[in-house]
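Asker: next comes the sequence, and after it the predicted model I'd like to discuss.
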Amino acid sequence: MATTTTTTTLPKLAPAATTGPVKAIVTRSGVVAPVLERTATGYRVETPCSNAVVVTAGTPLRGATVVLDPGHGGKETGSVGANGLVERDLNLTVAKLTKAALERRGATVVLTRDRDYEMTLKARARVATQLDPEAFVSIHHNGGADGPSTKPGTETYYQHASPASKRLAGLLYEEVLAVFASHAGVSWWANVDAGAKYRISENGVDDYYGILRNAKGVPSVLSEGLFLSASPTEAALLARPDVQAAEAEAIARAIHRFITTDDPGSGFVTPIPRKTPAGGGGTPEGCVETALG
């Protein structure tokens, strides 16, 4: 188990600026749409399906301390547990709880989506690169695993060329693993290289995961809390509201430490090469737009 660095008193997180250029618009329907340019009648924005439209009204956003991305959405369900728990919904629940936990700490937090609809990976990352937060975390829960394990299979993926992203991944791994490992009687599943790690594309240059590749320039991490679809006991654990709240607090605590301390994080591993592709989706093809209002 990772050793969590105990920081007794952390300073409050700073809210985002309320002046300056408008970087995104919260549309009338609540969709966060990154601004591409100002127009004579409003703002040209990127839609969740990576199209460009002009909106004439909405609430302007000029920045964020943290951007959180609840993975999947719409017909892209992600993993599904034996108990019927759907990753798409679990990710959103944990993201909302994490948002509340960070706001209690003083941060301005923006979710890429606040309800169930589809988004491309490009549109999710664009929210982060436009708002330029101190940290961007995409929240997921895994599907498939190498096999049974003696400890939780928590994984955090970082941008391989970013020391800041690596440190954030180590802190997230440390905090999230500690929360799950405190529970007994769970049949854990994991990959043999579980930990804080990177994955490189076949070209040997870019990050494999599009959410990290497209958010270059912002310290970004993909968090895979547990293997939702691999173990019925893990799915049962993840269905508990107290466990969802504890995972959210762990994510918030890790982000807080990342921003306000020099804590290095832990759990770093060298990944084994993998040919198995990640789950499909996240592209504009077949993406169903949600109303902007």
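Answerer: That came in fine, so what should we check first?
Asker: do a quick rundown of the helices in this protein.
Answerer: Under the criterion DSSP state H, the chain contains helices at 87-104, 121-131, 163-181, 210-213, 232-238, 241-260.
Asker: does anything pack onto the fourth one? Which helices or strands?
Answerer: On a contact count with 3 or more CB pairs under 8 Å, 6 or more residues apart in numbering; DSSP states H and E, helix 210-213 meets helix 121-131, strand 220-227. Yep, even glycine has a C-beta here, placed from its N, CA and C like the rest.
Asker: how does it look with 6 Å?
Answerer: Applying 3 or more CB pairs under 6 Å, 6 or more residues apart in numbering; DSSP states H and E, we find helix 210-213 packed against helix 121-131.
Asker: contacts for the helix it packs on, please.
Answerer: Here helix 121-131 makes contact (CB atoms under 6 Å, 6 or more residues apart in numbering) with 23-24, 32, 34, 46, 48, 50, 63-64, 67, 69, 110, 112, 136, 210-211, 214-215, 218, 282.
Asker: before we move on, back to that, reformat the helices of the chain as CSV; add distance to W188, mean pLDDT and mean neighbour count.
Answerer: Listed next are those as CSV, based on distance: least, CB to CB, whole Å; pLDDT from 0 to 100; neighbours: other CB atoms under 10 Å:
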stretch, distance to W188, mean pLDDT, mean neighbour count
helix 87-104, 17, 98, 21
helix 121-131, 29, 98, 24
helix 163-181, 8, 98, 24
helix 210-213, 25, 97, 22
helix 232-238, 7, 97, 20
helix 241-260, 14, 98, 22
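Asker: those: which one's closest to T9?
Answerer: With CB to CB as the measure, helix 241-260 is the member of these nearest T9 (10.0 Å).
Asker: looking at the contacts of helix 121-131, which are in strands?
Answerer: 24, 32, 34, 46, 67, 69, 110, 136 (DSSP state E).
Asker: okay, now the fourth one: neighbour count?
Answerer: Around E46 sit 20 other residues, with neighbours defined as other CB atoms under 10 Å.
Asker: go on, the first one?
Answerer: Under the neighbour criterion other CB under 10 Å, A24 is assigned a count of 26.
Asker: ok, it - contacts?
Answerer: Going by CB under 6 Å, 6+ apart, A24 touches 32, 34-35, 61, 130-131.
Asker: 10 Å instead, please
Answerer: 31-35, 43, 45-46, 58-64, 67, 110, 126-127, 130-131 (CB atoms under 10 Å, 6 or more residues apart in numbering).
Asker: then the fourth one?
Answerer: E46 sits next to 24, 33-36, 52-53, 120, 122-123, 126-127, 130 when contact means CB under 10 Å, 6+ apart.
Asker: how close does Y208 get to G265?
Answerer: Per CB to CB, to the nearest Å, Y208 is found 21 Å from G265.
Asker: higher neighbour count, those two?
Answerer: For the pair Y208 and G265, the greater number of neighbours falls to G265 (23 against 19), based on other CB under 10 Å.
Asker: state the pLDDT value of that one.
Answerer: Looking at G265, its pLDDT is 98.
Asker: look up the closest residue to it, ignoring the ones flanking it.
Answerer: G170 (2.0 Å; CB to CB, 6 or more residues apart in numbering).
Asker: who's in contact with the one you found?
Answerer: Counted by CB under 10 Å, 6+ apart, G170 has contacts 2, 156, 158, 195-196, 221, 254, 258, 263-268.
Asker: which of those residues fall in strands?
Answerer: Those of the contacts of G170 lying in strands (DSSP E): 156, 158, 196, 221.
Asker: hang on, the earlier thing: report the two of the contacts of E46 separated the most.
Answerer: V35 and T120 (17.0 Å).
Asker: out of the helices of the chain, nearest to I272?
Answerer: Nearest to I272 among the helices of the chain is helix 163-181 (16.9 Å), distances taken as CB to CB.
Asker: could I get the closest one in PDB with only the CA atoms?
Answerer: Output of helix 163-181 as PDB, limited to C-alpha atoms (Å, rounded to 0.1, in the frame of the first residue of the first chain):
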ATOM      1  CA  PRO A 163       6.700  16.500 -14.500                       C
ATOM      2  CA  ALA A 164       3.700  18.300 -13.000                       C
ATOM      3  CA  SER A 165       1.300  15.800 -14.500                       C
ATOM      4  CA  LYS A 166       3.400  13.000 -13.100                       C
ATOM      5  CA  ARG A 167       3.400  14.500  -9.600                       C
ATOM      6  CA  LEU A 168      -0.400  14.900  -9.700                       C
ATOM      7  CA  ALA A 169      -0.800  11.300 -10.800                       C
ATOM      8  CA  GLY A 170       1.400  10.100  -7.900                       C
ATOM      9  CA  LEU A 171      -0.700  12.100  -5.400                       C
ATOM     10  CA  LEU A 172      -4.000  10.900  -6.800                       C
ATOM     11  CA  TYR A 173      -2.700   7.300  -6.700                       C
ATOM     12  CA  GLU A 174      -1.600   7.700  -3.100                       C
ATOM     13  CA  GLU A 175      -4.800   9.200  -1.900                       C
ATOM     14  CA  VAL A 176      -7.300   7.100  -3.800                       C
ATOM     15  CA  LEU A 177      -5.500   3.800  -3.200                       C
ATOM     16  CA  ALA A 178      -5.500   4.400   0.500                       C
ATOM     17  CA  VAL A 179      -9.300   5.000   0.600                       C
ATOM     18  CA  PHE A 180     -10.100   1.700  -1.200                       C
ATOM     19  CA  ALA A 181      -7.400  -0.400   0.600                       C
END
